[in-house]
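Asker: Sequence and predicted structure, then a few things I'm wondering about:
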Amino acid sequence: MGQNMLEVRHLCASFFTQKGEVKAVNDVSFEVPRGRIVGIVGESGCGKSMTVRSVMRLLKYPGKIVSGEVMLDGRDLMRLSGREMAAVRGAEVSMIFQDPMTSLNPVMKAGKQVSEAVRIHQHVSSEEAKRRTLEIFEAVGIPEPARRYDSYPHQLSGGLRQRVMIAMAMICRPKLLIADEPTTALDVTVEAQILRIMKNLCGTGTSVLIISHNLGVIAQICDYVYVMYAGRIVEQADTFTLFEHPMHPYTCGLLNAVASLRLGREKLDTIPGVVPNLLHLPEGCSFSLRCEKCSGICASKMPDLMKTGEGHMVRCHLSGKGGES
Ligand SMILES: Nc1ncnc2c1ncn2[C@@H]1O[C@H](COP(=O)(O)OP(=O)(O)O)[C@@H](O)[C@H]1O
Ligand SMILES: [Mg+2]
């Protein structure tokens with residue numbers, strides 16, 4: 001049994017549009033060790049959702065996986081038939097999204113949706129499915145589980161809906177839970193509760209991959225973090241190292257934004273500029289156009305991901321050689 005629940009190697013996924021190939025995921029490699037929580041962070045549009053949808057093989061046309069390997073518990077998901085992959089979804093890998101309203105059926109009672117999922121995947125009687133559903137509602141902190149079981153999604157608050165989604169994702173005890181911006185629609189108190197629930201789930205043996213544009217969220221729960229920019233990993237480190245010794249100017253920019261939020265500053269320290277159009281990436285480092293440290297080589301050559309310390313990698317000409325940034 002390998003040490004990693006999920007191993008993604010050299011994943012490339014693109015949108016094939018009339019204007020050309022949009023390389024949304026560009027040679028991305030990462031791993032989620034067993035029973036650990038790993039985060040991918042980056043601004044909107046940098047390819048996070050594309051990355052995890054590729055893992056689930058759920059890309060929508062004109063998106064397509066171009067190459068790469070996705071190993072789940074030692075099995076290459078890219079080689080499975082469509083039918084085998086469908087069996088993996090829900091049973092071995094579950095996913096929760098930012099807006100539960102789009103993934104819950106609006107005309108079906110919340111409890112019924114979860115117990116149906118159990119019935120389908122685990123072939124148990126409807127009484128047993130209901131019993132397990134009430135149990136997991138309790139576990140994810142849904143008050144008055146029996147009453148909520150009979151509520152329709154629109155009768156629940158955003159926080160409760162997200163708990164129902166987590167219950168649904170967890171009830172079949174997946175090996176891996178993928179959460180794409182699971183708390184973005186919630187206020188910070190509810191966000192903290194949801195993150196705590198996910199952390200507890202991890203204690204039961206499930207590995208978690210969490211996606212967020214917010215480093216603050218990542219800091220609360222992740223063991224290890226990948227920073228993504230314009231379709232590539234630009235820095236990776238354990239959470240402590242990333243926060244204490246960020247090397248990539250982009251990571252530093254994300255950290256400043258979190259810090260100014262926490263300090264309640266009126267004006268957020270955002271990173272100037274926007275994520276470049278993936279159809280027209282600059283010749284050299286993708287971040288060079290926004291980077292205040294940009295120098296000659298940065299504009300002409302894409303830096304490799306270089307090791308700067310134990311478990312710490314950075315894709316920057318200036319920081320990669322051990323210089324402080
Ligand atoms: N249907 C589409 N056609 C072309 N490009 C797309 C399409 N959907 C998304 N993209 C591009 O793919 C990139 C990655 O998107 P996504 O993975 O959703 O980013 P994130 O989740 O990090 O916000 C974006 O820059 C976006 O412009
Ligand atoms: Mg996204």
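Answerer: Looks like it came in fine. Ligands and ions are numbered 1, 2, ... in the order given.

Asker: and V28, what element?
Answerer: V28 is located in strand 20-33, with elements delineated by DSSP states H and E.

Asker: Report the mean per-residue pLDDT for that strand.
Answerer: Along strand 20-33, the predicted confidence averages to a pLDDT of 96.

Asker: when you compare where the helix or strand following that strand runs with where strand 20-33 runs, what's the angle?
Answerer: Using DSSP H and E, the helix or strand that follows strand 20-33 in sequence is strand 37-41. Here strand 37-41 points in a direction 160 degrees away from that of strand 20-33 (axes from the mean of the first three to the mean of the last three C-alpha atoms, to 10 degrees).

Asker: ok, and what's touching strand 37-41?
Answerer: With C-beta atoms under 8 Å, 6 or more residues apart in numbering as the contact definition, strand 37-41 has outside contacts at 30-32, 48, 51-52, 198-199, 202, 207-215, 217-218, 221-228, 239, 254. Backbone N, C-alpha and C define where each C-beta goes, glycine included.

Asker: out of the residues you listed, which touch ligand 1?
Answerer: The overlap between the contacts of strand 37-41 and the neighbourhood of ligand 1 (criterion: C-beta under 6 Å from any ligand atom) consists of K48.

Asker: out of the contacts of strand 37-41, which are buried?
Answerer: 30-32, 48, 51-52, 198, 202, 207-215, 217-218, 221-228, 239, 254 (16 or more other C-beta atoms under 10 Å).

Asker: Out of these, which sit inside helices?
Answerer: Among the buried ones among the contacts of strand 37-41, the subset assigned to helices under DSSP state H consists of K48, T51, V52, M198, C202, L215, V217, I218, I221, T239, L254.

Asker: Pick out whichever of these sits closest to ligand 1.
Answerer: Sorting those by how near they are to ligand 1, with C-beta to the nearest ligand atom, puts K48 at the top with 3.5 Å.

Asker: Spell out which parts of the stretch 1-150 of the chain neighbour ligand 1.
Answerer: With C-beta under 6 Å from any ligand atom as the criterion, the stretch 1-150 of the chain comes near ligand 1 at residues F15, T17, V22, A24, G42, S44, G45, C46, G47, K48, S49, M50.

Asker: Any chance of JSON lines for the ones in helices among the buried ones among the contacts of strand 37-41, columns pLDDT?
Answerer: As requested, those are exported to JSON lines (pLDDT from 0 to 100):
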{"residue": "K48", "pLDDT": "96"}
{"residue": "T51", "pLDDT": "97"}
{"residue": "V52", "pLDDT": "96"}
{"residue": "M198", "pLDDT": "86"}
{"residue": "C202", "pLDDT": "79"}
{"residue": "L215", "pLDDT": "91"}
{"residue": "V217", "pLDDT": "91"}
{"residue": "I218", "pLDDT": "92"}
{"residue": "I221", "pLDDT": "93"}
{"residue": "T239", "pLDDT": "97"}
{"residue": "L254", "pLDDT": "92"}
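
Asker: what two of these are the furthest from one another?
Answerer: C202 and L254 (23.6 Å; C-beta to C-beta).
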